[in-house]
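Q: take a look and give me a structure for this.
(chains A and B)
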Amino acid sequence: MNILLPDSWLRDYIKTDATPKDIAKALSLHAFSVEKMETTKDGDVIYEIETTPNRGDALSVVGIARELRAILPRSGFSVAWQPKTFPVFSPGIQDSLEVVIANKALVPRFSAVVLENIKIVPSSELIQSRLQKVGIRPINAVVDMTNYLMIELGQPMHVFDYDKIEGAKMIVRESKEGEVLTTLDGVERKLPEGVIVIEDGSGRLIDLCGIMGAENSDVDETTQKVLFFVQVYDPVKIRKASMTLGHRTDAALRFEKGIDFEGVIPGLYAGVQMLQESLGVVPSSALIDIVNIPYTTDTVELDYAKISAVAGVDIPKEIVDRTLVDLGFELEDATVKVPSWRKGDIALIEDIAEEVIRIYGYYNIPDNIPTGEIPNVCEDKTFYWEDRTKDYLKYMGFYEVYTTSATSKELAGNNAIELSNPLSEDFRFLRTTLTSQLIDVVERNRGLREHLKVFELAVVYLPTKSGLPDQPLHLAVAAAGEDYLKFKGFIEGLFEDFGIKDYPPFSVEVTKTNVVYAELNFDELVIKASKVKSYTPITGFNAIKEDLTLVLPQGVPYPLIEEVICAVDPRVVNVLYKDFYENKLTVSLEFLDTSRQITSEDTKGIRGEIVRVLGERFGITL
Amino acid sequence: MDLLEVEKLKTQALTDLDLVDSLTKLEEFRVKYFGKKGLVTVVTKDIVSLGADEKKALGRALNEVKSVIQGSMESKKLELEKSIPSQLPEFYKSLPGTRPEIGHLHVITQAIREIVDIFKPLGFTRVRYPEIDWEYFVFEALNIPEEHPARDEWETFFVDISRDEKYGRTVITPHTSSGQVREMLKGNLPIRMLNISRCGRRQADVRHLPTFYQFEGLVVDKGINISHLKGVLNYFVKNFYGPEREIRLRPYDFRFTEPSFEVDVLCSNCLGAGCSLCKEGWMELGGAGVVHPKVLEYGGIDSKEYSGFAFGWGVERTYMMKSGTQIDDIRHLFANDVRFLEQF
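A: Numbering: from 1, shown residues only, chains lettered A, B, ... in the order given. Modelled structure (predicted):
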């Protein structure tokens, strides 16, 4: 999540000789990436900082300032920390709030105070300008205070019009499905079950907790008293509600990342102080502070050797200690106490190691290549054959294409598995075949190329009775403007290159638009493939080649004819298809006798036998 | 000199002529037989010194032989001239050759090959894991429990098949890190894995496609630390992008590594000066980190004894950050327009 922070605001907390450019560089290298810097008209610099999801605490001025307190000295700059303290206010007695929380886990901490003498006036220029710099629209001094402190302290806050809370009563509970509430932005929201809400004494819902207040209890021109409200909610519930409702507010994004438990009351004091100074408000109730889940400090056992082992370089104890203290950790012998704003993020020595090493500087760690034992593994030979196939097809004139795994129902093939949350109907089904998309590619390029050969080698997803889908690698080839037998020959040529003698069954089909295509299970090809070439001794005798033209009856496939011819005599060493015209098939025969020179007398005999067998088995004649 | 010798001269000449296969050699042949000191010329001169009868008989025979050889030379000349165009032979040589029809490998294939070629010599072995996998390997085993906000980072496609008791729902793997625990569970240590695979995320714009490729490196061994991660990544970057492209590691947060980094490389355009293509001189390559002890435990590996590092980057993105690629819109990669494909 990116946040905007003005340089001037950071300098409320830290005094340093580092320029904004220095700060941006140091922050990027040691903590969070500064994506952009923008100089404003009044000479301020606004940083756009990308914080990480684990660091809710960094979504604030004080959070980034704390980082800089640890980082800047490591980068050679001076830093003086200027703490802010917020005084305890004197409570009033005139107003009160009845709070009912049945399920304590929803609100680990609930704090509030009623403030009277409210005036609805604009904020000071400084506050308005700072809010504008971080992209928040100033409204009035009361509402602005809550937004201002959310940015400064990272603690979301809310103000209700106290007089609009019927019976001065709040019931914090989970919503029932179908309950309706209109939020401050005027949008009516129908709630699912399990959203944290507040009901007042009259049974109305007055707050969509941690996300946005309700319109019926908002601060307006007539407001006299406010209930100033600072909470810690169950982060998982806030996240779920905000996601389900599709309403991702600044408050929700902070609540769901976790709130500094120990920052709640100081935050409340800070707010009261701001309004006392600007508007002269007076607390008219006691401080309400309900702790439903007591805070405990997390600790980690410190292991200096482990930190150096993770880094790969020795980091002295003094640097480790100094870094941790600068970051707000407390050291007690070999135990580290995790600061409240980092609770939940730091649990292991590895987490501590990361803190120390990032501040130490990753650029201070040398580059090494792992030594050690050689892994005892063999690469899956599929990768080799994939490369070989791709090269073969490329040099045969094919273009390689990549199409998407999910596609439309029409292109995905039969029995395709569906996605539960597709981007669109065009990407709803997982393909069971590569062919349809490949033909589509050929068709779409028709206007550009009359002759085009394409292929794709990728996984398809086949449904199974249980468990994960079968995910075999397939090879598909398609072409426009290509002769059928020539196209088929590319595939047979590939088998030959793979050293496959017994071709797996495959078929080459043609679309109505004359696109020739075929698809093969590549995993099966790899099983049959072999790099082993065995040598047959070369004979000193010559072979005799002769053509043979046969008249075919219907229904005899070529491979069978070839098989039968070869089986007639071992001296038939090769049968090649030469021509087919009307019903006449011409094959070229190669005769060789490895023990003596074969003669035309011999071949005459063999030919006779071939014709006899073919005639007998299939009714083939000369 | 007698008739027999004349006959022999003829046989020799015709045999020689048979071997002539160019106009240059034909000229050499002419000089050998009919030049000033040519074999035929010399014999002709010899005849002059003979007696009248002999001169007459041999002279006739010699003339016959001469005309046979010259006739053969003439036909040889025609034959040779026919085989190349008679005019402008030099121009003909300058014409382009008839080229074989050669296709094109997709840019993703080329990128993958370059990546594999760099990691192989470091002892990495390529593997392949399911593209459609259990949520367990994609999230839980990577220390990202259900409901954790980190799951937002990956816009995951869910597959509509029944849930498994132990492994949960089925998803299109949104990253190649799902291979990490699968690799560890093979029980074969040490590990130097390179997992390159098709992934899917619910996103589609100029920079993102619902289908894309990632490459994932995983090393698990005794004594592995950040310096090894830096060394390997630097070796890759220098080999892939060139020696002037430095890298830097920035802190980041991933649930399955601790510490975690984002790796940046110096911008190909400005080399660090800062320009409109980059962030203050740097381009983001992708994530990396030291394998989280919990992930090692999910993989059945003792995190006290072993440690490791991992990285997982987009193939297309990594390739497009090479200087000179100039692919402005990632959607070209799966659009399969031949005018795009034939440029690679």
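
Q: how about the contacts made by residue A:583?
A: Residue A:583 is in contact with A:551, A:552, A:553, counting by C-beta atoms under 8 Å, 6 or more residues apart in numbering or on different chains. From N, CA and C alone the C-beta is placed, and that goes for glycine too.

Q: so does stretch A:511-521 get close to chain B?
A: No: on the criterion C-beta under 8 Å from any C-beta of the partner chain, stretch A:511-521 is out of touch with chain B, staying 14.3 Å away.

Q: buried residues in that stretch?
A: Within stretch A:511-521, the residues that qualify as buried are A:515, A:516, A:517, A:518, A:519, A:520, counting by 16 or more other C-beta atoms under 10 Å in any protein chain shown.

Q: can you put those in JSON lines and add secondary structure and pLDDT?
A: Below are the buried residues of stretch A:511-521 laid out as JSON lines (DSSP: H, G, I helix; E, B strand; the rest coil; pLDDT from 0 to 100):
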{"residue": "A:515", "secondary structure": "strand", "pLDDT": "96"}
{"residue": "A:516", "secondary structure": "strand", "pLDDT": "97"}
{"residue": "A:517", "secondary structure": "strand", "pLDDT": "98"}
{"residue": "A:518", "secondary structure": "strand", "pLDDT": "98"}
{"residue": "A:519", "secondary structure": "strand", "pLDDT": "97"}
{"residue": "A:520", "secondary structure": "strand", "pLDDT": "97"}
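
Q: from those, pick the one nearest residue A:153.
A: Residue A:153 has its nearest neighbour among these in residue A:519, at 61.9 Å by C-beta to C-beta.

Q: grab the nearest non-local neighbour of that closest one.
A: residue A:476 (4.2 Å; C-beta to C-beta, 6 or more residues apart in numbering or on different chains).

Q: that neighbour belongs to a strand?
A: Yes: under DSSP: H, G, I helix; E, B strand; the rest coil, residue A:476 sits within a strand.

Q: residues contacting it?
A: Residue A:476 sits next to A:433, A:434, A:435, A:438, A:455, A:456, A:517, A:518, A:519, A:520 when contact means C-beta under 8 Å, 6+ apart.

Q: residue A:501 and residue A:121: what is the separation?
A: Residue A:501 sits 92 Å away from residue A:121, taking C-beta to C-beta, to the nearest Å as the criterion.

Q: before we move on, the earlier item: out of the contacts of residue A:583, which touch chain B?
A: Okay, of those, nothing touches chain B (C-beta under 8 Å from any C-beta).

Q: can you say which of the residues you listed are buried?
A: So, by 16+ other C-beta under 10 Å, the buried ones in the contacts of residue A:583 are residue A:552.

Q: quick one: find the helix or strand in chain B with the lowest mean pLDDT.
A: helix B:89-94 (a mean of 79; mean pLDDT, DSSP states H and E).

Q: distance between that helix and the chain's centre?
A: Relative to the chain's own centre, helix B:89-94 is displaced by 33 Å; criterion: C-alpha atoms, centre = their mean, to the nearest Å.

Q: the helix or strand that it is followed by vs chain A: in contact?
A: For helix B:89-94, the following helix or strand on the C-terminal side (DSSP states H and E) is helix B:107-119. Yes: Helix B:107-119 lies within reach of chain A by C-beta under 8 Å from any C-beta, at B:108, B:109, B:113, B:116.

Q: buried ones among these?
A: B:108, B:109, B:116.

Q: and for the last one, nearest residue in space, chain neighbours not counted?
A: Translated: residue B:116. Spatially, and ignoring its direct neighbours in sequence, residue B:116 is nearest to residue B:126 (6.1 Å; C-beta to C-beta, 6+ apart).

Q: who does that neighbour bridge with?
A: Per DSSP bridges, residues listed as beta-bridge partners of residue B:126: residue B:194.

Q: go ahead and confirm it touches residue B:183.
A: No: using C-beta atoms under 8 Å, residue B:126 makes no contact with residue B:183, being 11.5 Å away.

Q: okay, and the common contacts of these two?
A: Counting by C-beta under 8 Å, 6+ apart, the residues touching both residue B:126 and residue B:183 are residue B:195.

Q: make CSV out of the contacts of residue A:583 and add pLDDT.
A: Output for these, formatted as CSV (pLDDT from 0 to 100):
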residue, pLDDT
A:551, 93
A:552, 92
A:553, 91
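
Q: if I look at the residue nearest to residue A:519, how far off is residue A:396?
A: Residue A:476 is 15 Å from residue A:396, by C-beta to C-beta.

Q: which residues does stretch A:298-315 contact?
A: Outside stretch A:298-315, the residues that reach it (C-beta under 8 Å, 6+ apart) are A:317, A:320, A:331, A:334-338, A:343-344, A:346-354, A:356-357, A:360, A:364-366, A:368, B:223, B:225-228, B:259, B:290, B:307.

Q: go again using 7 Å as the cut-off
A: Applying C-beta atoms under 7 Å, 6 or more residues apart in numbering or on different chains, the contact partners of stretch A:298-315 are A:317, A:320, A:334-338, A:343, A:346-350, A:352-353, A:356-357, A:360, A:365-366, A:368, B:225-228, B:290.

Q: tabulate the buried ones among the residues of helix B:107-119 next to chain A (a markdown table), appending distance to residue B:237 and pLDDT.
A: Formatted as a markdown table, these follow (distance: C-beta to C-beta, whole Å; pLDDT from 0 to 100):
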| residue | distance to residue B:237 | pLDDT |
| --- | --- | --- |
| B:108 | 19 | 95 |
| B:109 | 21 | 97 |
| B:116 | 16 | 97 |
